[in-house]
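# fold the following and give me the result.
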Amino acid sequence: MSTAPLDTTSLSTDSIPSASDRPSRSAPSSAPESKANKSKSYTEQLKEDFEKIFDSLNLDSPDGRKASLNKAFLKSRWLDQILWMEAKSAQCRNRHFRLRLITIIGGVIVPILVTFNVDNQRLQDAIKQATIVISGAVAVTAAIEEFFQYGKRWYNYRRSAESLKAQGWHFFQLSGPYRTYPSHHEAFQAFAENIEEIIQHDVETYVTQNQQNKQGQGQQSSQENSDGDQAVI
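Numbering: from 1, shown residues only. The predicted structure follows:
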């Protein structure tokens, strides 16, 4: 039984898929970019957004002066204070939360450990030591929070930062206290005065809190000395 010869002339090169027509596997992606390159931090994004707004403002005076000085104030004074207060606010908030959590959780655990009564002496000693350690940690964290006042400082920094932002947005849009000014240049002096007033208030609040803390510590020390003298008598 014979087979017919294969007619190779009927096969054209067009019927053979080229390398470019064949489905190709995608090349392996390059190493993933770092998280810092993919997304900017809140502080960096805030700084970039505000600097774009600064560049769009017309702060030139009729004689063409003060524009660079006014923009320097916006960047080096107003924006710098906002970024600094935002960072301090976040720092105080985190420390306040950590200290308060340790105090609260430890305060709940200690009474539970005190009620434990087991026959194993070694386990009983371990529970007693754990109770002492946790009680000490609760006392230390409560004292640190009382001394540094992280909760109050967080609130004050946050309030000042938001006040500065509000003044800035009113100034950019010529609204609120700046609605009567026809241009940003004419409103700038009032804006600068309001910013300095907010910063000064923040400084005064900080100084007042430190003085109150020192007075409270002095009164506590005097009370402890008085109690000690009475105990000796």
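
# okay, buried residues for stretch 152-164 please.
Buried residues in stretch 152-164, counted by 16 or more other Cβ atoms under 10 Å: Lys152, Arg153, Trp154, Tyr155, Asn156, Tyr157, Arg158, Arg159, Ser160, Ala161, Ser163, Leu164. Every C-beta, even on glycine, is put in place using the N, C-alpha and C of the backbone.

# how close does the fourth one get to Arg93?
What that stands for is Tyr155. 9 Å (Cβ to Cβ, to the nearest Å).

# one more: the third one?
Between Trp154 and Arg93 the computed distance is 4 Å (Cβ to Cβ).

# over to the first one?
Here the criterion is Cβ to Cβ. By it, Lys152 lies 11 Å from Arg93.

# Leu99 and Ala143 touch, don't they?
No - the pair Leu99 / Ala143 is not scored as a contact, 9.6 Å apart, by Cβ atoms under 8 Å.

# show me whatever sits in contact with both of these two.
Shared contacts of Leu99 and Ala143 (Cβ atoms under 8 Å, 6 or more residues apart in numbering): none.

# between those two, tell me which one has more neighbours.
Taking neighbours as other Cβ atoms under 10 Å, Leu99 and Ala143 compare with Leu99 leading, 20 against 12.

# host element of that one?
In the assignment (DSSP states H and E), Leu99 maps to helix 80-115.

# who are the packing partners of that helix?
Using 3 or more Cβ pairs under 8 Å, 6 or more residues apart in numbering; DSSP states H and E, the elements in contact with helix 80-115 are helix 42-56, helix 121-148, helix 150-173, helix 184-232.

# save these as a markdown table, and put in mean pLDDT too.
Shown next, in a markdown table, are the helices and strands packed on helix 80-115 (pLDDT from 0 to 100):
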| stretch | mean pLDDT |
| --- | --- |
| helix 42-56 | 90 |
| helix 121-148 | 94 |
| helix 150-173 | 96 |
| helix 184-232 | 78 |
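
# can you tell me which of the ones you listed is most buried?
Stretch with highest mean neighbour count among the helices and strands packed on helix 80-115: helix 150-173 (a mean of 18; mean count of other Cβ atoms under 10 Å).

# got the CA positions of that helix in PDB?
The C-alpha trace of helix 150-173 is given here as PDB (Å, rounded to 0.1, in the frame of the first residue of the first chain):
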ATOM      1  CA  TYR A 150       1.300  63.400  76.600                       C
ATOM      2  CA  GLY A 151      -2.500  63.500  76.300                       C
ATOM      3  CA  LYS A 152      -2.700  67.200  76.900                       C
ATOM      4  CA  ARG A 153       0.300  67.900  74.600                       C
ATOM      5  CA  TRP A 154      -1.200  65.800  71.900                       C
ATOM      6  CA  TYR A 155      -4.500  67.800  72.100                       C
ATOM      7  CA  ASN A 156      -2.600  71.200  72.100                       C
ATOM      8  CA  TYR A 157      -0.400  70.400  69.200                       C
ATOM      9  CA  ARG A 158      -3.300  69.000  67.200                       C
ATOM     10  CA  ARG A 159      -5.400  72.100  67.900                       C
ATOM     11  CA  SER A 160      -2.600  74.500  66.900                       C
ATOM     12  CA  ALA A 161      -1.900  72.600  63.700                       C
ATOM     13  CA  GLU A 162      -5.500  72.600  62.700                       C
ATOM     14  CA  SER A 163      -5.800  76.300  63.500                       C
ATOM     15  CA  LEU A 164      -2.800  77.100  61.300                       C
ATOM     16  CA  LYS A 165      -4.300  75.000  58.500                       C
ATOM     17  CA  ALA A 166      -7.600  76.800  58.800                       C
ATOM     18  CA  GLN A 167      -6.000  80.200  58.600                       C
ATOM     19  CA  GLY A 168      -4.000  79.100  55.500                       C
ATOM     20  CA  TRP A 169      -7.000  77.800  53.600                       C
ATOM     21  CA  HIS A 170      -8.900  81.000  54.500                       C
ATOM     22  CA  PHE A 171      -6.000  83.000  53.100                       C
ATOM     23  CA  PHE A 172      -5.600  81.000  49.900                       C
ATOM     24  CA  GLN A 173      -9.300  81.400  49.100                       C
END
